[in-house]
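Asker: what's the 3D shape of this:
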Amino acid sequence: MTDKKILSHLGKVSHDKALKKTREEFLKYKSKMIENSFPPVEKHFLKAVKEIEKLH
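Answerer: Numbering: from 1, shown residues only. Below is the predicted model:
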């Protein structure tokens, strides 16, 4: 390897913040994966339901 220090400080992001961000991003990913697994008819239905919910 080189003689350079890889991490010369403790870091700017705490462990808890990193875990929180990771969980948030995973939930976004998981939600998209679930939505993408539906057939087009179900996607259309879910979109209609969301639009109706906005009206209330």
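
Asker: and residue 35, what is it in contact with?
Answerer: 43, 46 (Cβ atoms under 8 Å, 6 or more residues apart in numbering). Any C-beta I mention is one placed from the backbone N, CA and C, and that applies to glycine too.

Asker: quick check: mean pLDDT across the longest helix belonging to the chain?
Answerer: Counting by DSSP state H, the longest helix found in the chain is helix 15-36. Confidence over helix 15-36 (mean pLDDT, whole number) is 90.

Asker: CA atoms of that helix as CSV?
Answerer: Output in CSV follows, covering the C-alpha atoms of helix 15-36 (Å, rounded to 0.1, in the frame of the first residue of the first chain):
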residue,chain,number,x,y,z
HIS,A,15,-22.8,5.8,13.2
ASP,A,16,-26.4,6.4,14.1
LYS,A,17,-26.9,8.9,11.3
ALA,A,18,-25.3,6.5,8.8
LEU,A,19,-27.6,3.7,10.0
LYS,A,20,-30.7,6.0,9.8
LYS,A,21,-29.8,7.1,6.2
THR,A,22,-29.2,3.5,5.2
ARG,A,23,-32.6,2.4,6.5
GLU,A,24,-34.3,5.2,4.7
GLU,A,25,-32.6,4.5,1.4
PHE,A,26,-33.4,0.7,1.8
LEU,A,27,-37.1,1.4,2.4
LYS,A,28,-37.2,3.6,-0.7
TYR,A,29,-35.5,0.8,-2.7
LYS,A,30,-37.8,-1.8,-1.3
SER,A,31,-40.9,0.2,-2.0
LYS,A,32,-39.8,0.7,-5.6
MET,A,33,-39.0,-3.0,-6.0
ILE,A,34,-42.5,-3.9,-4.7
GLU,A,35,-44.2,-1.5,-7.0
ASN,A,36,-42.2,-2.8,-10.0
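
Asker: what's next to the following helix or strand past it, contact-wise?
Answerer: Downstream of helix 15-36, the next assigned helix or strand under DSSP states H and E is helix 40-55. With Cβ under 8 Å, 6+ apart as the test, helix 40-55 has contacts from 35, 38.
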